[in-house]
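Q: Curious how this folds, go ahead:
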Amino acid sequence: LGLGLNVFINISLKTQSKEALADFERRIAEHDVVMEGSVMTGDSAYPIRVALAVSAALERFIVEQLSPIPGLEKIRSSFALKQVRYKTALPLPQSSP
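A: Numbering: from 1, shown residues only. The predicted model follows:
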């Protein structure tokens, strides 16, 4: 598909108010390149995973799409070098007879 970059971006927000969180979540959901996003505890409130074609596309996404979002404190990205495991099947409990 030409989307050779799988990038994990950790985003911290300056404030965690209900309105700020809702606004950020709405803005992130508008981008087709965002494949996953979660709310987490700890240092990074929002890790997202994006799929992009080239590193120039990552730069454009960060500079033109992420950075203008009000209330961002930090943006840190990491490239996936190799996918070790990916599955969609859940480990459902075995039924007993």
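Q: can we go C-alpha only for contacts and neighbour counts from here?
A: Will do.
Q: which residue is nearest the centroid of this structure?
A: Closest to where the C-alpha atoms of the chain average out (CA atoms, centre = their mean) is Ile48, at 0.8 Å.
Q: and the gap between it and Pro91?
A: When CA to CA, to the nearest Å is applied, the distance between Ile48 and Pro91 equals 24 Å.
Q: for Ile62, same thing?
A: Distance, Ile62 to Pro91, using CA to CA: 35 Å.
Q: what about the two, which has more around it?
A: Ile62 (16 against 6; other CA atoms under 10 Å).
Q: Give the helix, strand or coil label for the more buried one.
A: Assigned with DSSP: H, G, I helix; E, B strand; the rest coil, Ile62 falls in the helix class.
Q: now swap in Glu25 and tell me
A: Three states are possible here, and by three-state DSSP the one that applies to Glu25 is helix.
Q: Check it and give its pLDDT.
A: Taken from the predicted model, the pLDDT recorded for Glu25 is 92.
Q: returning to what we had before: the residue nearest to the centre of the chain: which element?
A: Taking DSSP states H and E as the criterion, Ile48 maps to strand 46-52.
Q: Ok, Asn10 next?
A: Using DSSP H and E, Asn10 sits within strand 5-13.
Q: for Glu59, same thing?
A: When elements are defined using DSSP H and E, Glu59 is found to belong to helix 55-60.
Q: Would you mark the buried spots in that helix?
A: Residues of helix 55-60 classed as buried by neighbour count (16 or more other CA atoms under 10 Å): Leu58.
Q: got the CA coordinates for it in PDB?
A: As requested, C-alpha coordinates have been extracted for helix 55-60 and formatted as PDB (Å, rounded to 0.1, in the frame of the first residue of the first chain):
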ATOM      1  CA  SER A  55       9.600  10.300   6.600                       C
ATOM      2  CA  ALA A  56       8.700  13.600   4.900                       C
ATOM      3  CA  ALA A  57       5.000  12.700   5.400                       C
ATOM      4  CA  LEU A  58       5.800  12.200   9.100                       C
ATOM      5  CA  GLU A  59       7.400  15.700   9.300                       C
ATOM      6  CA  ARG A  60       4.400  17.300   7.500                       C
END
